[in-house]
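Student: Sequence first, then the predicted structure, then my questions.
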Amino acid sequence: MADDRSVHDIDTPAYATAKAVSVDQIPVIDLTAADTPQGREAIGAELVRKVSEIGFFYVKGHGVPVESCETAMMASRDFFALPEAAKASIAIDRHQRGWMAQGLANLEGSATHDAKEVFFWGREVAADDPDVQAGLPLVHPNQWPDEAAPFLREGILPYYRQVMALGGVILDCLARGLGADPQIFRRAYHKPLGRGQLVYYPAIDSTDIAAERFGAAPHTDFGVLTVLQQDSLGGLQVLNRDGSWIEAMPIAGTFVCNIGDLLERWTNGRLASTRHRVLNRSGTSRFSIPIFCDPASDAVIDPRDFDPQADIEVIPPMAAGAYIMGKNRRNFSHYEDSRS
């Protein structure tokens, strides 16, 4: 007999249990004072002190207008509501640009694919840009569905630029908190990759639960710093330092930020990249917009920048784009047969 219960009637499965979050576990950092060097010094000290273990934090007082956030989220909802044929016209390519259908993200260590669709974009570049012509990893023109969805480009690019600027402020604070020269980040971000995603998580059902399927299976982010706008439904869970999962619930007026693998490498482990996952049990569609504030593709991530005693035999310097592309190839199945 088929299981006709709604998702709300299904008990939380053992593979997805999580505790309520407290401010001691995921801190809220106020960026209001970040408009002065002294303010950034104080914020940086607080950031490093509070996030060195958990790797996640909320930011408030960030300066990104509410209107920009709402416009970007509405553009996302409208895009994913398009007919599949319209979205498939910009199917994802090997440069990680365009629309990824459900079933193509199978994160390392996961037994099944993620229950999500994604639209990927990055910094706007032209086809004749020297870095595109040189074939630098992840530097490529975006795929915009201008015919089917002219609203998308104009709806998310202003937001993207504002969040990338916010990422620069956070990184400046972090450098100061680490006792390093903020120019280390500024030099590396001369042509930032700045990868963006619109993510649609359909409501899971009992079949998904039987398969132990997540919207996003447990993983760490590949890059430097992620700035996430999530809707009001929740579903993001973070692995706490004691080995338990905690809910990173939405807090109005904030972004959720987290340290990625490249920043953990860059700081020689002083800042931690933390595993997290998404399970949408709300019974309705969930949407989020992560912006991955990553440096230039050819920026060399060298742990000696932050720790002169770092052992580069253990953590060798490597280019940001090559590192992220390598991770992509191991986590997204469209690379297996892409010819574009």
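Tutor: In hand now; what should we look at?

Student: Which parts of this protein are strands?
Tutor: Per DSSP state E, the chain carries strands over the ranges 28-30, 56-60, 98-100, 117-121, 195-201, 216-219, 225-230, 236-239, 245-247, 255-259, 276-278, 286-292, 300-301, 318-319.

Student: Now do the same contact list for Val51.
Tutor: Contacts for Val51 (C-beta atoms under 8 Å, 6 or more residues apart in numbering) come out as Pro27, Phe57, Ile259, Leu271, Ala272. Quick note: C-beta positions are derived from backbone N, CA and C, even for glycine.

Student: distance of it from His219?
Tutor: 18 Å (C-beta to C-beta, to the nearest Å).

Student: Val28 now?
Tutor: 24 Å.

Student: Report the backbone C-alpha coordinates of the helix or strand of the chain with the lowest mean pLDDT in PDB.
Tutor: In the chain, no helix or strand scores lower on mean pLDDT, DSSP states H and E than helix 206-210, which sits at a mean of 71. This file holds the C-alpha atoms of helix 206-210, laid out as PDB (Å, rounded to 0.1, in the frame of the first residue of the first chain):
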ATOM      1  CA  SER A 206       8.500   9.700   2.000                       C
ATOM      2  CA  THR A 207      10.400   8.200  -1.100                       C
ATOM      3  CA  ASP A 208      13.200  10.800  -0.500                       C
ATOM      4  CA  ILE A 209      13.300   9.900   3.100                       C
ATOM      5  CA  ALA A 210      13.500   6.200   2.400                       C
END
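
Student: list the contacts for Leu31?
Tutor: Here Leu31 is in contact with Ile43, Val59, Lys60, Gly61, His62, Gly63, Leu166, Val169, Ile170, Cys173 (C-beta under 8 Å, 6+ apart).

Student: same check, this time on Ile301
Tutor: With C-beta under 8 Å, 6+ apart, Ile301 has these contacts: Ala188, Leu262, Arg265, Trp266, Pro295, Pro317, Met318, Ala319, Ala320, Tyr323.

Student: So what pairs up with it in the strands?
Tutor: Beta bridges link Ile301 to Met318, judged by DSSP bridges.

Student: again, but for Glu247
Tutor: In beta-bridge terms (that is, DSSP bridges), Glu247 pairs with Gln237.

Student: Can you report how many residues lie near it?
Tutor: When counting by other C-beta atoms under 10 Å, one arrives at 17 neighbours for Glu247.

Student: how about the nearest residue to Leu166, chain neighbours excluded?
Tutor: Spatial nearest neighbour of Leu166, chain neighbours left out: His62 (5.4 Å); criterion: C-beta to C-beta, 6 or more residues apart in numbering.

Student: Could you count how many residues lie near that neighbour?
Tutor: So His62, with other C-beta under 10 Å, has 22 neighbours.

Student: So what does it look like in phi/psi?
Tutor: phi -90, psi -20 (degrees, to the nearest 10).

Student: if I read this right, it contacts Phe255, doesn't it?
Tutor: Yes: between His62 and Phe255 there is a contact at 6.2 Å, judged by C-beta atoms under 8 Å.

Student: quick revisit: among the contacts of Val51, pick out the one closest to Ala148, please.
Tutor: Ile259 (36.4 Å; C-beta to C-beta).

Student: List the contacts of that closest one.
Tutor: Val51, Gly55, Phe56, Val224, Leu225, Leu271, Ala272, Ser273, Thr274.

Student: Selecting buried members of the residues you listed in ChimeraX, what would you type?
Tutor: Here is the ChimeraX selection string for the buried members of the contacts of Ile259, based on 16 or more other C-beta atoms under 10 Å:
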select :51,55,56,224,225,271,272,273,274
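
Student: Turn the contacts of Ile259 into TSV, including pLDDT and distance to Pro290.
Tutor: Output for the contacts of Ile259, formatted as TSV (pLDDT from 0 to 100; distance: C-beta to C-beta, whole Å):
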residue	pLDDT	distance to Pro290
Val51	90	17
Gly55	94	15
Phe56	96	13
Val224	98	13
Leu225	98	11
Leu271	95	18
Ala272	91	18
Ser273	95	14
Thr274	94	14
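
Student: and the contacts of Ile259, which of them are in helices?
Tutor: Judged by DSSP state H, these include Val51 as members of helices.
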